[in-house]
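*Asks:* give me a model of this one.
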Amino acid sequence: MTKRQSGRRSAASLAVVPIGGRQRVEPLDWMAEPARQLWRETVAVYSPEWFDGVLDVLAGYCADAISLRRLQAKIDHHEAQEGAQTAAETQAYARLLRQRTAMQCALVTAARQLRLTPQTRFRRETAGSQHGLQKTPLHLWEPPGAPPRKKLWE
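*Replies:* Numbers count the residues shown, from 1 in each chain. Here you go, the predicted structure:
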């Protein structure tokens, strides 16, 4: 029996595919090159089977992330302009800010579906055990280390 490594694995160790193992999923054909690069960076961090069944969500995540970068560049350009702005420019700026907010929400949703966020990788019951911290009771009014209370039906 081999001993498994504890903790997170580096991108370099995940990039090495063992003999007989699965290859990393390549970007979809229709994706633009910046989105394809983000796809490769994202897939390199996780095991090959991490994205089974969610390739369309991953493609949307990558495309949305690149779109958000472009939108942020437009907002930065607008903010860099000095001087009085017309009403049309102010409305365009407000529209860009609304679009950014909507795009950020969509990106966070896709990241959660893909289990890319730290919250999706940890369980509340075992989160502190990796660092030797004391286990937090499920009920804050119970002292740490208290024995579990009997249920009424037991």
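
*Asks:* what about residue 103, which helix or strand?
*Replies:* helix 87-113 (DSSP states H and E).

*Asks:* counting neighbours, show which residues of that helix come out buried.
*Replies:* Across helix 87-113, burial judged by 16 or more other Cβ atoms under 10 Å covers 93, 96, 103, 106-107, 110-111. Heads up, the C-betas are built off the backbone N, CA and C, glycines and all.

*Asks:* now the residues you listed in JSON lines, with pLDDT?
*Replies:* Converted to JSON lines, those look like this (pLDDT from 0 to 100):
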{"residue": "93", "pLDDT": "93"}
{"residue": "96", "pLDDT": "96"}
{"residue": "103", "pLDDT": "95"}
{"residue": "106", "pLDDT": "94"}
{"residue": "107", "pLDDT": "94"}
{"residue": "110", "pLDDT": "93"}
{"residue": "111", "pLDDT": "92"}
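
*Asks:* what are the boundaries of the strands in the protein?
*Replies:* For the chain, applying DSSP state E gives no strands.

*Asks:* residue 67 touches residue 103, doesn't it?
*Replies:* Yes: if you go by Cβ atoms under 8 Å, residue 67 and residue 103 touch, sitting 6.4 Å apart.

*Asks:* ok, and the closest non-adjacent residue to residue 58?
*Replies:* residue 51 (5.4 Å; Cβ to Cβ, 6 or more residues apart in numbering).
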